[in-house]
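> Next come a sequence and a model predicted from it.
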Amino acid sequence: MERYQIKPGQKVSLKDWSPDPPRDFEGGKESARADVAELNRKLEVLQERLFAERRHKVLVILQGMDTSGKDGVIRSVFDGVNPQGVKVASFKVPTPEELDRDYLWRVHKVVPGRGEMVIFNRSHYEDVLVVRVHQLVPPEVWKKRYDQINEFERLLWETGTTILKFFLFISKEEQKQRLLERLADPAKHWKFNPGDLKERALWDEYEKAYEDVLSRTSTGYAPWYIVPADKKWYRDWVISRVLVETLENLNIQVPPPLEDAETYRRQLLEEDERVSP
Ligand code: AMP
Ligand code: MG
C-alpha cells in the first residue's frame, strides 16, 4: 500500500495519479470483496484489543469530493466492528458557536481518547479546501493553516494518536455518473443536494486545493494516502488493508491474564455448593 502513501515533502499533481485500480490488479472485484470481508474480521479483533489495552488512540480522516464515497467507506470498511469502540465525527458548515472560535476547536473536542478509534467524515482540512475555494477567509488566513494543522497533528501524535488520512480520489466523470444515479432513483433523492452542482463547477479549484493539502500536510507521523476511488470495491480494499496493517504494527498488548483467576473461579463454584446443600 506504500504506493499510495505521500512521502513528506512530496509534490502532488493529481494528473499523475489514477482514480482507477491498477491494470495488473489480480483477482478483480470478487477477490477484493472477499479480502475486505476477511479484513473486517481482523479489524474487529484489533479494535477489541485496542479497547482492552486502552493505550493507543486511532484517528482516521476521510476527505474527498462530493460522492467520492466517504459514507460508503464508513459502512463497508467498519462493517462488523463494535460500534462502542468506534465513533464517527462528521464536520458540516460550522455553527455560529464554532465560527466564534478557532477552526481547530470543534475538531480537538472529538479526537479519540485512549483505546478509541474515531473516523472523521470531513475534517479540519475543509478549512483549507471549501474555505479556500469559496474565499470564506482571506488568503493570509488560510495560508497559515497548513503549518498549524501539521503542528496540531504532531501534538496528537506525540500524545499517542495514530493518524491515517485518506483522500478518496474520483474522476469528474465518475462523479457525474454517481449524481445521475442519485437523481434517477427517487429513494436516493435525499442524497442529492443542488449545491453539489455548484461545487462540481469548481472542480479544478478543488483539485488545486487538494494538491496543496496533499503536498503540504503529509508527514511521517500523519501520512496522506491517495485512494483510487472510482471503483468502490478497490477503494474499500485499499483502506481496509492500510488500516489493518497499521493496527497490526501497533503491536497492541491486551492486559495480562489474572493471577488469581483460580481463586475467583473457586469462589463462584463454592457459591453453587452453598445454595444447593
Ligand atoms: P456533507 O458532507 O454532504 O454532509 O456536507 C457537509 C458540507 O459542509 C460540505 O459542503 C462541506 O464543504 C461543508 N463544510 C464542512 N466544513 C466546513 C467549513 N469548515 N467551512 C465551510 N463549510 C464546511
Ligand atoms: Mg454532500
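Cool, got the structure. Residues are numbered from 1 along each chain as shown. Ligands and ions are numbered 1, 2, ... in the order given.
> quick one: the helices in the stretch 151-277 of the chain?
172-184, 195-201, 203-216, 232-249, 261-275 (DSSP state H, counting those that start in this stretch).
> what's the closest of those to ligand 1?
helix 195-201 (6.7 Å; Cβ to the nearest ligand atom). Glycine gets a C-beta too; all of them are placed from N, C-alpha and C.
> what sits up against that closest one?
Here helix 195-201 makes contact (Cβ atoms under 8 Å, 6 or more residues apart in numbering) with 65-67, 130, 172, 175-176, 179, 206.
> do the same with stretch 40-56
Under Cβ under 8 Å, 6+ apart, the answer for stretch 40-56 is 58, 77-82, 84-86, 114-117, 160-162, 240, 243-244, 247-248, 250, 252-255.
> Apply the buried test to those and list what passes.
Burial by neighbour count, judged by 16 or more other Cβ atoms under 10 Å, picks out 58, 77-79, 81, 85-86, 115-117, 161-162, 240, 243-244, 247, 252 from the contacts of stretch 40-56.
> Spell out which parts of the stretch 101-250 of the chain neighbour ligand 1.
Contact residues, the stretch 101-250 of the chain versus ligand 1 (Cβ under 6 Å from any ligand atom): 122, 126-127, 130-131.
> Narrow the residues you listed to those in helices?
Counting by DSSP state H, those place 130-131 in helices.
> Name the member of the residues of the stretch 101-250 of the chain next to ligand 1 with the most neighbours.
residue 127 (22 neighbours; other Cβ atoms under 10 Å).
> Now for the residue of the stretch 1-150 of the chain found nearest ligand 1: which residues touch it?
The stretch 1-150 of the chain approaches ligand 1 most closely through residue 126 (3.3 Å), counting by Cβ to the nearest ligand atom. For residue 126, the contacting residues are residue 91, by Cβ under 8 Å, 6+ apart.
> Show the pLDDT at it.
If you check residue 126, the pLDDT there is 98.
> cool, and residue 142?
For residue 142, pLDDT reads 98.
> That one: what's it in contact with?
Residue 142 neighbours (Cβ under 8 Å, 6+ apart): 127-128, 131-132.
> right, and residue 234 touches residue 25 too?
Yes: the pair residue 234 / residue 25 is scored as a contact, 7.2 Å apart, by Cβ atoms under 8 Å.
> I'm done for today, thanks for sticking with me.
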